[in-house]
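Participant: Mind looking at a prediction? Sequence and model below.
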Number of protein chains: 2
Amino acid sequence: MIIIGEKINATLTGIKSIVQKQDSAGLLDLAKIQAAAAGFIDVNVGTGVGSREDEIVSMQWAVKTIQEGIETPLCIDSADPAVLEAGLRVRSGRPSLINSTKAEEKNLAQVMPLADRYQTPIVGLAMDETGIPKTVEDRLRACENIASACEKYGVPIENVYFDPLVLPVSTDINQGLVTLYTIAEIKKRFPAARTVMGLSNVSYGLPGRPGLNAAFLHMAIYAGLDAAIMDPLNQTLMNAVKAAEVLVGKDRHCRRYTRAFRGS
Amino acid sequence: MIIIGEKINATLTGIKSIVQKQDSAGLLDLAKIQAAAAGFIDVNVGTGVGSREDEIVSMQWAVKTIQEGIETPLCIDSADPAVLEAGLRVRSGRPSLINSTKAEEKNLAQVMPLADRYQTPIVGLAMDETGIPKTVEDRLRACENIASACEKYGVPIENVYFDPLVLPVSTDINQGLVTLYTIAEIKKRFPAARTVMGLSNVSYGLPGRPGLNAAFLHMAIYAGLDAAIMDPLNQTLMNAVKAAEVLVGKDRHCRRYTRAFRGS
């Protein structure tokens, strides 16, 4: 299981001011505390208030700051392809992940060439210009469109992390299964591709969210989830990953599980 | 999700002496504390030391004692068909479950006619005279044999609860998936049948067993588990059931989940 640490996200309280003040020590701390448990550290510096130019400058600063301090791969995260490219350029070939493209022609035309040019894997969201589809079929159609774009732009399907997307079960009780079935179908149709998602949306509006998110993670890992965008400091979720890996046979001799258990 | 309360089992410390002394008040207490959360209460009075005649007498006493106090359906549990029949006779048509038959000719020939005669559902274990198969295929073959016996003895497949069986992942890391895939395949091949299992064997030999059992329950419910033989007083497991049902769309408007959460 690949953990993508989600804590560097400038829409979160506390992080926004770190980005706005270019607080390099604060930023690097956030990266370092995640590095032990995360395979990638997500870097999202969109504060929602600045210009595109601001976000480009912030991304360049953030990537440079983090990669001078630690070697963990970075997940360059922005809705703006120009910001993605600015981050990838600073990475100059260091291991990265592009987060993300939708299954939308214009978006694909801007982002897929980056995946090709920088030979970097990319997160493909199972949604298009009409938003997040409500059904498994329509999410898979979005994934098919991303797979077609892969051929067109010369991106190997092994370099795609499909994100099935997650909607709250509190507003539509079927949405848990829609996401889980989408994961299982993606793994069948594109066995060489990977799957990734953020969890927490599933429990929006309900009590006991950490436990509900952990339960969803157990199910998703059984369904075929390869990577999760989550807080690597959240022990409930990290333990959920370890338990799930033992149960689906991905932890030989139960070593990671028993080690984690002794450590906690 | 159907919960089968497992606490009346004479191989457990404390329960054995209740059975041996025919402590009716003690037995009824054990039934009553489970009744609020359980759809069935399992009744296993095999102490492992008495004769067949002892077990028959104990079963008659136990069933009579419990059904005089509460109306919860009972799961008549014994490896001995004569004990099963003794329990069913005392039930005289009250809702019951026969636990269990193996996919073994002799066992089927003795137990299946009980399921027919007493018009009572039956637990069918995915194992035969050679023991518990290590592979999904071999467990399914055992289930196919049980399904054939259903036709032979006139038992409708809707009356079968297939138990995929659970072996510890600590001795074979693939066994979690073997059980889960067996559940999913049973639901595909016999959509009218139900699935049932005990959980706790999966975590044998590992630390943190309650959490691991809960994680396995989450996955199993997503895979298609309909019933679990478990401790209905174990809040970790009962909460796991509620969370899983919300996530697989079996709790409309999340009512049972939110109610359980408010209550705890």
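Facilitator: Done, it's in. Residues are numbered from 1 along each chain as shown, chains lettered A, B, ... in the order given.

Participant: give me the number of residues near A:Lys188?
Facilitator: A count of nearby residues for A:Lys188, using other CB atoms under 10 Å in any protein chain shown, gives 10. Where you see a C-beta, it was placed from the backbone N, CA and C, and this is true even at glycine.

Participant: What count of nearby residues applies to the closest residue in space to A:Pro121 that isn't next to it in sequence?
Facilitator: Distances taken as CB to CB, 6 or more residues apart in numbering or on different chains put A:Asn159 closest to A:Pro121, at 4.2 Å, once the chain neighbours are dropped. The number of residues packed near A:Asn159 is 19, by other CB under 10 Å.

Participant: Now do the same for the spatially closest residue to A:Gly154 that is not a sequence neighbour: its pLDDT.
Facilitator: Closest residue to A:Gly154 apart from its sequence neighbours, by CB to CB, 6+ apart: A:Asp116 at 5.0 Å. Looking at A:Asp116, its pLDDT is 98.

Participant: which ones are touching A:Asp116?
Facilitator: If you count contacts by CB atoms under 8 Å, 6 or more residues apart in numbering or on different chains, A:Asp116 has them with A:Tyr153, A:Gly154, A:Val155.

Participant: I'd like to know how many residues surround the closest residue in space to the last one that isn't next to it in sequence.
Facilitator: Distance criterion CB to CB, 6+ apart; nearest residue to A:Val155, sequence neighbours excluded, is A:Ala115 at 4.6 Å. For A:Ala115, the neighbour count with other CB under 10 Å is 27.

Participant: so A:Val241 sits right up against A:Ala228, yeah?
Facilitator: Yes - using CB atoms under 8 Å, A:Val241 is in contact with A:Ala228, at 7.3 Å.

Participant: Show me where the stretch 51-200 of chain A has its helices.
Facilitator: Per DSSP state H, counting those that start in this stretch, the stretch 51-200 of chain A carries helices over the ranges A:52-69, A:81-91, A:105-117, A:136-153, A:175-189.

Participant: wouldn't A:Val169 be in contact with B:Cys254 here?
Facilitator: Yes - assessed by CB under 8 Å, A:Val169 is found in contact with B:Cys254 at 6.6 Å.

Participant: which of those two has more neighbours?
Facilitator: Comparing A:Val169 with B:Cys254 by other CB under 10 Å, the one with more neighbours is A:Val169, at 29 against 22.

Participant: phi, psi of the more buried one?
Facilitator: Torsion angles at A:Val169 (phi, psi; degrees, to the nearest 10) stand at phi -70, psi -20.

Participant: shaky segments in the stretch 151-264 of chain A?
Facilitator: For the stretch 151-264 of chain A, the stretches with pLDDT under 70 are A:263-264.

Participant: Spell out which residues of it are next to chain B.
Facilitator: For the stretch 151-264 of chain A, the residues in contact with chain B (CB under 8 Å from any CB of the partner chain) are A:169-170, A:173-174, A:176-177, A:180, A:202, A:206-208, A:211-212, A:214-216, A:218-219, A:222-223, A:239-240, A:243-244, A:246-249, A:251-254, A:257-258, A:261-262.

Participant: Filter these down to just the buried residues.
Facilitator: Neighbour-count burial (16 or more other CB atoms under 10 Å in any protein chain shown) applied to these gives A:169-170, A:173, A:176-177, A:180, A:202, A:206, A:208, A:211-212, A:214-216, A:218-219, A:222-223, A:239-240, A:243-244, A:246-249, A:251, A:254, A:257-258, A:261.

Participant: Next up, the contacts around the closest residue to A:Gly208 other than its chain neighbours.
Facilitator: Of all residues not flanking A:Gly208 in the chain, B:Phe261 sits nearest, at 5.3 Å (CB to CB, 6+ apart). Counting by CB under 8 Å, 6+ apart, B:Phe261 touches A:Leu206, A:Pro207, A:Gly208, B:Lys242.

Participant: How about A:Tyr204?
Facilitator: By CB under 8 Å, 6+ apart, the neighbours of A:Tyr204 are A:Pro168, A:Ser170, A:Thr171.

Participant: Hmm, the second one is touching A:Gly205, no?
Facilitator: Just to be clear, that refers to A:Ser170. Yes - using CB under 8 Å, A:Ser170 is in contact with A:Gly205, at 3.6 Å.

Participant: Give me the nearest residue to the residue in the stretch 51-200 of chain A that chain B sits nearest to, chain neighbours excluded.
Facilitator: Across the stretch 51-200 of chain A, no residue is closer to chain B than A:Gly176, which sits at 3.9 Å (CB to the nearest CB). Closest residue in space to A:Gly176, ignoring its immediate chain neighbours: B:Leu247 at 3.9 Å, by CB to CB, 6+ apart.
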